[in-house]
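> Fold the following, please.
(5 chains)
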Amino acid sequence: MNLGAIIGLVMGLAILIGSAAVGSAPSGGMGSLWDLISLLIVVGGAIAATCIAYPLEDVISAFAGFPKVFKTQGFTFKDVVQDYVGLAEQAKKGELAKALEETPEHMPFRLGSIKDGIRMISDGMSKDDIRIIMENKEQYRALREIKAANAIAKLGEYAPSFGMIGTLFGLIFMLAGMALPPAPGVDPTAALISNMAIALITTLYGALFAFFFFLPFSEHLKYINEEKKVESALHLEGVMLLYDKIHPLIVQERLNAFLPRKDRFTDED
Amino acid sequence: MNLGAIIGLVMGLAILIGSAAVGSAPSGGMGSLWDLISLLIVVGGAIAATCIAYPLEDVISAFAGFPKVFKTQGFTFKDVVQDYVGLAEQAKKGELAKALEETPEHMPFRLGSIKDGIRMISDGMSKDDIRIIMENKEQYRALREIKAANAIAKLGEYAPSFGMIGTLFGLIFMLAGMALPPAPGVDPTAALISNMAIALITTLYGALFAFFFFLPFSEHLKYINEEKKVESALHLEGVMLLYDKIHPLIVQERLNAFLPRKDRFTDED
Amino acid sequence: MNLGAIIGLVMGLAILIGSAAVGSAPSGGMGSLWDLISLLIVVGGAIAATCIAYPLEDVISAFAGFPKVFKTQGFTFKDVVQDYVGLAEQAKKGELAKALEETPEHMPFRLGSIKDGIRMISDGMSKDDIRIIMENKEQYRALREIKAANAIAKLGEYAPSFGMIGTLFGLIFMLAGMALPPAPGVDPTAALISNMAIALITTLYGALFAFFFFLPFSEHLKYINEEKKVESALHLEGVMLLYDKIHPLIVQERLNAFLPRKDRFTDED
Amino acid sequence: MNLGAIIGLVMGLAILIGSAAVGSAPSGGMGSLWDLISLLIVVGGAIAATCIAYPLEDVISAFAGFPKVFKTQGFTFKDVVQDYVGLAEQAKKGELAKALEETPEHMPFRLGSIKDGIRMISDGMSKDDIRIIMENKEQYRALREIKAANAIAKLGEYAPSFGMIGTLFGLIFMLAGMALPPAPGVDPTAALISNMAIALITTLYGALFAFFFFLPFSEHLKYINEEKKVESALHLEGVMLLYDKIHPLIVQERLNAFLPRKDRFTDED
Amino acid sequence: MNLGAIIGLVMGLAILIGSAAVGSAPSGGMGSLWDLISLLIVVGGAIAATCIAYPLEDVISAFAGFPKVFKTQGFTFKDVVQDYVGLAEQAKKGELAKALEETPEHMPFRLGSIKDGIRMISDGMSKDDIRIIMENKEQYRALREIKAANAIAKLGEYAPSFGMIGTLFGLIFMLAGMALPPAPGVDPTAALISNMAIALITTLYGALFAFFFFLPFSEHLKYINEEKKVESALHLEGVMLLYDKIHPLIVQERLNAFLPRKDRFTDED
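Model prediction:
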């Protein structure tokens, strides 16, 4: 569970709803913030424009990516280093292939990238082939996974734009209506003011969806992607060291270099 | 057929027209959204500025590129990998040149890049020459094809700018007119309000053309260009592996590295 | 003649003037769009700021660069490829030095870069020296020529800023004037409205000069620079191939890789 | 103590409070600038959105990073160069390992990076291993430490956005309230004006927190990160030179190249 | 003397003051443009925020860098090429070390970078050491000198932001004051209008300082930095050629490649 995203979402909603409730009290409640057509223009318009900009399957995988923001990966980089140090010891004994059947003691599962790497070593592939395969896998994984983050960022870019389009719709209709003779019994100034409030709602929705929803979620997916790049660099280094049967102590030193001092794996762990 | 673009276009138009119909009902219909001169300023101005910024043939090819957004390429990267694995088997038998006469079983056509690569191998060109030719072809293809996307992006950048220019025209004429004594029988406030609505229409058109049309289309062309880069990387790797007569299983592993796990070509396919 | 820039300029002016004529008809003509001081603030201010940002000779060469946008270079990349293929045939016969005295059949002139390259080969310079000289020439040419485009882009960036400064001047003076008791016989509201129109004119000028003039011209110069980079890459490859006395057919294949399929030089040409 | 940040903070606060005091004197004091709900929307909203965008521990370390802006590191690059020159002399005598036990004369402490480097040399690690470890340590340190700066920059990006959201809340409620019949004894224009002031407060808070607080602090952390990159380049070069037992005079010349002329270490120092 | 900056500054001031004088004539003179507190908020606030963002010594060196914009360096790149060609002739005669005692005929002084390079060659340092030292000197010089330009750019970024903060202060106090009962004998509309003018002044100051002062000066410092990069590339190439005792004619051809055709050094010079 990614506590940060949950805290952010709950705290943000509490602040927005609370302040809206307090602020709207003198003017008859929060009802004036709700307008279905405005919601359609902002969210529907942003999704429509994003469907043009990106293939449908990327837009769908972008929406499918939202829950990822609430998950954590269940292991630390230190666990990964520890696993490679353990594997380096098994490699020294010539038992690397056997390691595939086991699960590391300190982790509930063995990472797919580690298994793939050991399998390629055991299969007798050349070091260059393994390196190129691992580099390509990572490069194209990063390219693919950033797409979902980019599609959500586009939603965050288009939402305020459609908010502005909705506001312009509202202003134009309001002004066009004002040029007509007022309906009997209607106060034209009150009508203008009320229409103005409605016109501003799409701008509000655009800003809310962009800055409280689409953009932070997109940022988080980009963040996850960056973390995976670090993890992949660790795997590439680790597998290359296993291939060369490097001494476990050097493996530890080499892989610890990727981590901050306080998270490094030491023998006391 | 690129379903996403069609859904996006239809959904977006339905939302915009629907909400305009509902919103304009009290003020006498959607007629107040239509203004030919505003359309001319926004679209004509944006095209004029883009014609200055880019050579005419690029602007024309940009407009010719719009239909591309609705097309899909009719094959997957997995098909490409499968074709190279099949070719690697034929290369093992020394029958690579013969492969040029055939069409792969699982695809209705053989890709031009694959044919070019095999032909260069069969012609006895050096590996370095082939690699340099393929890299240059790709580099300059990407440079050329991004131009259409950039020209459409410029349209999307200039459209709101000319929208603002049109609005400034409208505001200045309106204010200049207000300083004149009002024509007899005309309510000056109503005239001001109605002129204001017209002035806002160019801003609306600028935003609509930019955010619902030019910018998402430009994004999609950029997306297609990125996909072609991945495809070209696949071809370069594939042809180099064919040149070296690498074993089909290694070819499969090397090329699968470019694809997400679920799309990889396996022998069960 | 670059037809695109001429069409863009004429079309844009026709649309702007035409729509201004129609729009200003009810308010006494287009005279309300003209204000000399506003023009001075926007264009003079932008030039002044650009003179601070760039050395005077660069600003002058930027203005000297405007006519370039209307010119075309008078040859295609295919002509360049054809010339190198012809030179490769002469190099095979050991007659490369003689080629300097001739003009290629299909072009009215021989390009300076080709002449320089052949001369360096004939002078017996080393391949590395020739490559480094050609690379440095191109790198520093691109750096120099982009400066003019950048200076014009700065004009396009500062023009709207000085437009805003002019508008703020206008608004402040207008409001300050309104606080004074109105002159006898002057309608204060009419004065306010008319001053407001004048204040908006600098914003309009800023937008017009930026989006219809400075920015598209700057874009076009950047475009020309990009095209020259492709041409230079072609020259570098061509001269290196001539140096190595590569077979004309390989030269043709290697250089064609820089061009789109439809523009490639083939023996039928 | 980083005097600049303290001067900036004190001077900025003095100017803002002083000018607010003078400016608000005719309208009954600075009380009109204080609104708790506006503060909650701007700061709370920005923190909430940042918690979604970044993991909680990064947001916390971002806030923990604020005091860093007021600290200085307590040594200059010249001190680092001097230490390496001294170590090069000890290395010449074969006493490098002993250096670990000492503290350099001109500095109150020995830097961790220098100690780590000497230890790796003394442990007999290969030059390549040491170089790769030092490069990876630096690359991933920079990636990690820039995160805190980025999270604070996000706060500075979201603060004005939530400022705008708060202002839209205020405007919508105000206009909605105006459409209601005014409460008896309340002047509706005065109510509108007073509500308008409150609506603008969130925009003000958003700008103040962004431009006077979050963005400059984030800039400073980025600055510190850039300085550390220079320091790390110095360590990498220094340790490599120690490994190769280079003459102290060359070490001095090589390392001085990183420093401005006036800060270089010379024998007179 | 950099004539451009002086022309830009004088011309810009003349235009701004002239147009302000003409524009303010009907409203009682330019006095309405002057407000000390607004100046304090904009300039003081921008300096305060920049002091937080950058170390104090960098802010001071940024201000110290302003006069640089008015200076020119007193030699051209052609002079530098000519000096290296002359030195290459002396190197041929084995008299390079002697060259250090002389001043080149066509220049009033010998550049420090040339002297440093010759000294290192004469000292018998290895080519690699000289190259690495020269590259590092240049890289870290560029990093350091761009800091002053960046600090001034930050001033240009913060000035309009504090302009907006000042305007919001003004608007909030004005609206808060309007909600109070008007002081006897004061026309509330006139007060509102006059306060509005004052509120706009900070926005004006922010724009003026940013677009006429901080940003163009920062641009110019960046420009100077780019020019120094070209000069440094010339020095690196020149010293490497001297090291290898390359023939003066090749030196001339190699170094001329950095210059535009019209500025190249030829034997006729």
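
> Can you show me the helices along chain A?
A:3-24, A:36-39, A:45-53, A:56-65, A:77-92, A:96-99, A:112-122, A:127-179, A:188-208, A:215-243, A:248-256 (DSSP state H).

> and the closest residue to residue A:144 other than its chain neighbours, how many neighbours does it have?
Sequence neighbours aside, residue B:260 is the residue nearest to residue A:144 in space, at 5.9 Å (criterion: Cβ to Cβ, 6 or more residues apart in numbering or on different chains). Placement of C-beta: from N, CA and C, glycine included. Burial of residue B:260 is recorded as 13 neighbouring residues (other Cβ atoms under 10 Å in any protein chain shown).

> most remote residue from chain A's center?
Distance from the C-alpha centroid of chain A, by Cα atoms, centre = their mean, peaks at residue A:184 (54.0 Å).

> residues contacting residue A:245?
A:88, A:91, A:92 (Cβ atoms under 8 Å, 6 or more residues apart in numbering or on different chains).

> try 6 Å this time
Counting by Cβ atoms under 6 Å, 6 or more residues apart in numbering or on different chains, residue A:245 touches residue A:91.

> Same question for residue A:42.
A:159, A:162, A:163, A:202, A:205, A:206.

> follow-up on the earlier one: with mean neighbour count, distance to residue B:255 and mean pLDDT added, can I get the helices of chain A in a markdown table?
Output for the helices of chain A, formatted as a markdown table (neighbours: other Cβ atoms under 10 Å in any protein chain shown; distance: least, Cβ to Cβ, whole Å; pLDDT from 0 to 100):
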| stretch | mean neighbour count | distance to residue B:255 | mean pLDDT |
| --- | --- | --- | --- |
| helix A:3-24 | 18 | 37 | 93 |
| helix A:36-39 | 18 | 46 | 94 |
| helix A:45-53 | 27 | 29 | 96 |
| helix A:56-65 | 17 | 21 | 89 |
| helix A:77-92 | 21 | 27 | 93 |
| helix A:96-99 | 16 | 25 | 84 |
| helix A:112-122 | 18 | 15 | 93 |
| helix A:127-179 | 21 | 9 | 93 |
| helix A:188-208 | 21 | 44 | 85 |
| helix A:215-243 | 20 | 19 | 95 |
| helix A:248-256 | 20 | 29 | 95 |
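
> now the ones you listed as CSV including distance to residue B:171?
Listed next are the helices of chain A as CSV, based on distance: least, Cβ to Cβ, whole Å:
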stretch, distance to residue B:171
helix A:3-24, 32
helix A:36-39, 26
helix A:45-53, 26
helix A:56-65, 39
helix A:77-92, 59
helix A:96-99, 74
helix A:112-122, 61
helix A:127-179, 13
helix A:188-208, 18
helix A:215-243, 32
helix A:248-256, 65
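
> and the stretch 151-269 of chain A, which residues reach chain B?
A:158, A:161, A:164-165, A:168-169, A:171-173, A:175-179 (Cβ under 6 Å from any Cβ of the partner chain).

> Which one of the residues you listed is nearest to chain E?
In terms of Cβ to the nearest Cβ, no member of those lies closer to chain E than residue A:164, at 19.8 Å.

> Who are the contact partners of the closest one?
residue B:207.

> Could you find the closest non-adjacent residue to the residue in the stretch 101-250 of chain A that chain B sits nearest to?
In the stretch 101-250 of chain A, the residue that lies nearest chain B is residue A:177 (3.2 Å; Cβ to the nearest Cβ). Of all residues not flanking residue A:177 in the chain, residue B:27 sits nearest, at 3.2 Å (Cβ to Cβ, 6+ apart).

> likewise residue A:37?
residue B:19 (4.8 Å).

> The one you found contacts residue A:41, correct?
Yes: using Cβ atoms under 6 Å, residue B:19 is in contact with residue A:41, at 5.3 Å.

> for the closest residue in space to residue A:108 that isn't next to it in sequence, phi and psi?
Leaving out its chain neighbours, the residue that sits closest to residue A:108 by Cβ to Cβ, 6+ apart is residue A:74, at 7.6 Å. The phi and psi torsions at residue A:74 (degrees, to the nearest 10) take the values phi 80, psi 10.

> How many residues are close by residue A:74?
9.

> coming back round to it: and the gap between the residue nearest to residue A:37 and residue A:167?
The gap separating residue B:19 from residue A:167 is 12 Å, by Cβ to Cβ, to the nearest Å.

> do the same with residue A:125
Taking Cβ to Cβ, one finds residue A:125 at 60 Å from residue A:167.

> same deal with residue A:149?
Counting by Cβ to Cβ, the gap from residue A:149 to residue A:167 is 28 Å.

> What distance do you get for residue A:58 to residue A:144?
On the measure of Cβ to Cβ, residue A:58 and residue A:144 end up 9 Å apart.

> Also residue A:20?
For residue A:20 relative to residue A:144 (Cβ to Cβ), the value is 39 Å.

> now swap in residue A:265 and tell me
From residue A:265 to residue A:144 the distance is 30 Å (Cβ to Cβ).

> now residue A:125
Counting by Cβ to Cβ - residue A:125 and residue A:144 are separated by 24 Å.

> quick revisit: contacts only, for the residue nearest to residue A:177.
Residue B:27 neighbours (Cβ under 6 Å, 6+ apart): A:173, A:176, A:177.

> In terms of distance to chain C, which of those ranks first?
residue A:176 (17.6 Å).

> Name the nearest residue to the closest one, sequence neighbours excluded.
Closest to residue A:176 by Cβ to Cβ, 6+ apart is residue B:32, at 3.7 Å.

> and the one you found, how many neighbours?
20.

> Go ahead and confirm it touches residue A:175.
No: here residue B:32 does not reach residue A:175: they are 8.2 Å apart, not a contact under Cβ under 6 Å.

> how about the closest residue to chain C within the stretch 101-250 of chain A, what does it touch?
The nearest approach of the stretch 101-250 of chain A to chain C comes at residue A:179, 14.8 Å away (Cβ to the nearest Cβ). Shown in contact with residue A:179 (Cβ under 6 Å, 6+ apart): B:190, B:193, B:194.
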